[in-house]
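Participant: Below are the sequence and a predicted model for it; my questions follow.
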Amino acid sequence: MTILSRIFLAAALAASVTGASAQADYPNKPIRLIVPFPPGGGTDILARLVGNKLQENLKWVVVLDNRSGAGGNIGMDLAAKSPADGYTVVMGQTSNLAVNPTLYARLPYNPTKDFAPVTTVATAPLVLVVPANSPFKTLGDVISAAKAKPGEVTFASPGNGTVSHLTGELLQKTAGVKFQHVPYKGSSQAITDLLGGQVQLYMSSVPSAISQIKSGRIRPLAVTSARRSEDLPNVPTINESGYKGFDAVTWFGLLVPAGTPPSIVARLNTEVNKVLKMKDVQEKIRVEGGDVQGSTPEEFAALLKADIVKWGQVVRESGAKID
């Protein structure tokens, strides 16, 4: 072996030892947890809950960084381009990872190539609601009316291309009917117009509608998940209502930049899944209308790939597009 070869070998070994040492004492500095939406929303609430518990349980320093804009794309892009050292984590969800690749003409990141999934955190079903004085008492009533007068039953969503909108499109395709879609800029005005009779149906997140449901002002007809919501145990699923296999939920999960050492991904997965098994964490997520998940990185990766295909098809068929 030449002197030059020995120098290169020594340098490589030193780098390997240094890298292994850095992984062994991970984390030895603050972890930035990027939230691609403003404070106060569902993604932010889940991120704070997990981050706070990691700090309480392990004395890790977890700093939340809200980077909202462009449907979550700004925060996701920032995470994708961060160093792959385990000190940047992002809370992604269905819209910015599975919907946006087809919805946006140009996406600055690739959900399957630029990230390493860590674990799913929670899922949240949607609920189809009508005003309390609506003649629709069941999902069957809605479908019958839509078949009798195609395109006349009005269906509201909190925005074009949102999971709520696309779930409504999926329902129409599954049931073979056509609604008239009325997009809003958020949930509050959509619910106001639903109560006022300007629209007949609204595909809402459970947290957005739960107070109005409990007060009796709006009536839930069906939830979109495969099983019933713990918050609405008496409300049937679309699957139970005659459309076998229907399952549409918003999921949330943690990811790191692609190339992050597998040992660090495994450590994050282990510690976050421990947090998700805590009873107080599960209760807080349930109160927010979600169901605790937890998974292996491989299971999360499989979910992501499957949902990119699923929601991509729905986006294309709906004609929704954002340039």
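Facilitator: Looks like it came in fine.
Participant: Can you give me the neighbour number for residue 242?
Facilitator: Other residues within reach of residue 242, judged by other Cβ atoms under 10 Å, total 14. C-betas here are computed from N, CA, C, even on glycine.
Participant: Tell me which residues touch it, please.
Facilitator: By Cβ atoms under 8 Å, 6 or more residues apart in numbering, residue 242 lies in contact with 139, 140.
Participant: cool, and residue 130?
Facilitator: Going by Cβ under 8 Å, 6+ apart, residue 130 touches 136, 142, 194, 200, 201, 202, 218, 219, 221.
Participant: In the stretch 51-200 of the chain, mark out all the helices, start to finish.
Facilitator: Counting by DSSP state H, counting those that start in this stretch, the stretch 51-200 of the chain has helices at residues 73-80, 94, 100-103, 139-148, 163-175, 187-196.
Participant: nearest to residue 316, of those?
Facilitator: With Cβ to Cβ as the criterion, residue 316 lies closest to helix 100-103 of the helices of the stretch 51-200 of the chain, at 6.3 Å.
Participant: Provide a list of residue ranges in the chain with pLDDT below threshold.
Facilitator: Scanning the chain for pLDDT under 70 picks out 1-23.
Participant: do that again at 50, thanks
Facilitator: 14-19, 21-22 (pLDDT under 50).
Participant: Spatially central residue for it, please.
Facilitator: residue 93 (2.8 Å; Cα atoms, centre = their mean).
Participant: Just the element for the residue lying closest to that residue once chain neighbours are set aside, please.
Facilitator: Distances taken as Cβ to Cβ, 6 or more residues apart in numbering place residue 252 nearest to residue 93, at 4.6 Å, with adjacent residues excluded. Element membership of residue 252 [criterion: DSSP states H and E] is strand 249-257.
Participant: Check which helices and strands the helix or strand just after that strand sits against.
Facilitator: Sequence-wise, the next helix or strand downstream of strand 249-257 (DSSP H and E) is helix 262-276. Applying 3 or more Cβ pairs under 8 Å, 6 or more residues apart in numbering; DSSP states H and E, one finds that helix 262-276 contacts helix 42-58, strand 115-131, strand 249-257, helix 297-318.
Participant: can you redo those as JSON lines with distance to residue 149?
Facilitator: Converted to JSON lines, the helices and strands packed on helix 262-276 look like this (distance: least, Cβ to Cβ, whole Å):
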{"stretch": "helix 42-58", "distance to residue 149": "35"}
{"stretch": "strand 115-131", "distance to residue 149": "16"}
{"stretch": "strand 249-257", "distance to residue 149": "30"}
{"stretch": "helix 297-318", "distance to residue 149": "20"}
